[in-house]
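Student: Only the shape, not the letters, is given here:
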């Protein structure tokens, strides 16, 4: 998993943030949707599927961008 925060500093604890992202990924993979929001900016999570991996990002481009890679 690669995490890009674009150099942003945040008051959000990294473990809380990753727990939120992991739960969103689980939601997307099981039911193709999630009701989770970004803990930093409050925008909607977006899931992009790339066959051997996927990306969870937020509507605001300068916020968190997480890449999960397959084998």
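Tutor: Arrived safely, thanks for sending. Nothing here was measured: the structure is a model prediction, and the numbers come from that model.
Student: switch to C-alpha atoms for all contacts and neighbour counts from now on
Tutor: Will do.
Student: From residue 18, how far out is the nearest residue to residue 56 once chain neighbours are set aside?
Tutor: Spatial nearest neighbour of residue 56, excluding adjacent residues (Cα to Cα, 6 or more residues apart in numbering): residue 47 at 4.8 Å. Per Cα to Cα, to the nearest Å, residue 47 is found 15 Å from residue 18.
Student: Compare those two and say which is more crowded by neighbours.
Tutor: Just comparing residue 47 and residue 18: by other Cα atoms under 10 Å the higher neighbour count belongs to residue 47, 19 against 13.
Student: Which residues are in contact with the more buried one?
Tutor: For residue 47, the contact set (Cα atoms under 8 Å, 6 or more residues apart in numbering) comprises 25, 28, 54, 55, 56, 57.
Student: try 7 Å
Tutor: By Cα atoms under 7 Å, 6 or more residues apart in numbering, residue 47 lies in contact with 55, 56, 57.
Student: So which of the residues you listed wins on neighbours?
Tutor: residue 57 (22 neighbours).
Student: helix/strand/coil for that one?
Tutor: Following DSSP: H, G, I helix; E, B strand; the rest coil, residue 57 is assigned to strand.
Student: Please look at it and residue 46 and confirm they touch.
Tutor: Yes. Assessed by Cα atoms under 7 Å, residue 57 is found in contact with residue 46 at 5.3 Å.
Student: Please, where are all the helices along the protein?
Tutor: For the chain, the helices defined by DSSP state H cover 14-31.
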